[in-house]
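K.L.:
coords please:
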Amino acid sequence: MMEQDATPRDYGWIRFASFVLFFAGIMRIFDAIWAFGYNGPLPQSLKHALLGDSLNTYAWLFLACGIVLIAAGIGVLYLSELGRWVGVGAAIIGALTAMTWMPYYPEWSLLYVGLALFVLYALLVRGRSSGMTYAT
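P.N.:
Residues are numbered from 1 along each chain as shown. Modelled structure (predicted):
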C-alpha cells in the first residue's frame, strides 16, 4: 500500500490531537486532585457507579489516565509511531473514564467523548499520511 504525502491539514490534525491529549491529561490530573481532596456530598452518593462508590478509586484512575494522556500528547507532538498508538489507546481510555460519570455529569462526559472521537480521527486517519507510520 502506497502512503500519501502529508498535507498541512494532516499536520494540523496531529497538532490538534496532541494538544487535546495533553490538555485532557492536565484536566484529568485536576479531576484527581479534586477527587482526593473532596469531602462534600457526592451526586446520588455514586449509587450504581461503574467502579463503586469510593471517590479515591476514581481519583487514582483519573491520575493514571492523566499521566498516560500527557505522555501520549507529547509523543504525538513528536510524530512518534509509538506515541500515535499510545494516543489512540489513551483517547479510548479517556472516553471510557468519562463515561463512568455519564449519569452524574452528562454534558462534560459527552464533551470528553466527543473530543476523544476527534483525536481518534486525527490519529487513525490523518496520522497515517503524516509520517507517523513506516512506509511499506
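K.L.:
And residue 79, how far from residue 123?
P.N.:
Computed as Cβ to Cβ, to the nearest Å, the residue 79 to residue 123 distance reads 11 Å. Placement of C-beta: from N, CA and C, glycine included.
K.L.:
which one of these two has more residues nearby?
P.N.:
Neighbour comparison, residue 79 and residue 123: the larger count goes to residue 123, with 28 against 17 (by other Cβ atoms under 10 Å).
K.L.:
Counting by contacts, list what the longest helix along the chain packs against.
P.N.:
Longest helix in the chain by number of residues (criterion: DSSP state H): helix 8-37. Counting contacts by 3 or more Cβ pairs under 8 Å, 6 or more residues apart in numbering; DSSP states H and E, helix 8-37 packs against helix 55-77, helix 81-99, helix 106-121.
K.L.:
The shortest one packs against which elements?
P.N.:
Using 3+ Cβ pairs under 8 Å, 6+ apart as the contact criterion, the elements in contact with helix 106-121 are helix 8-37, helix 81-99.
K.L.:
Deepest-packed of these, please.
P.N.:
Compared across these, helix 81-99 shows the largest average neighbour count, a mean of 20 (mean count of other Cβ atoms under 10 Å).
K.L.:
what distance separates it from the centre of its chain?
P.N.:
Taking the mean of its C-alpha atoms, helix 81-99 sits 5 Å from the chain's own mean (Cα atoms, centre = their mean, to the nearest Å).
K.L.:
sorry, back to before: need the helices and strands packed on helix 106-121 in a markdown table with distance to residue 117 and mean pLDDT, can you?
P.N.:
Written out in a markdown table, the entries for the helices and strands packed on helix 106-121 read as follows (distance: least, Cβ to Cβ, whole Å; pLDDT from 0 to 100):
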| stretch | distance to residue 117 | mean pLDDT |
| --- | --- | --- |
| helix 8-37 | 11 | 90 |
| helix 81-99 | 7 | 86 |
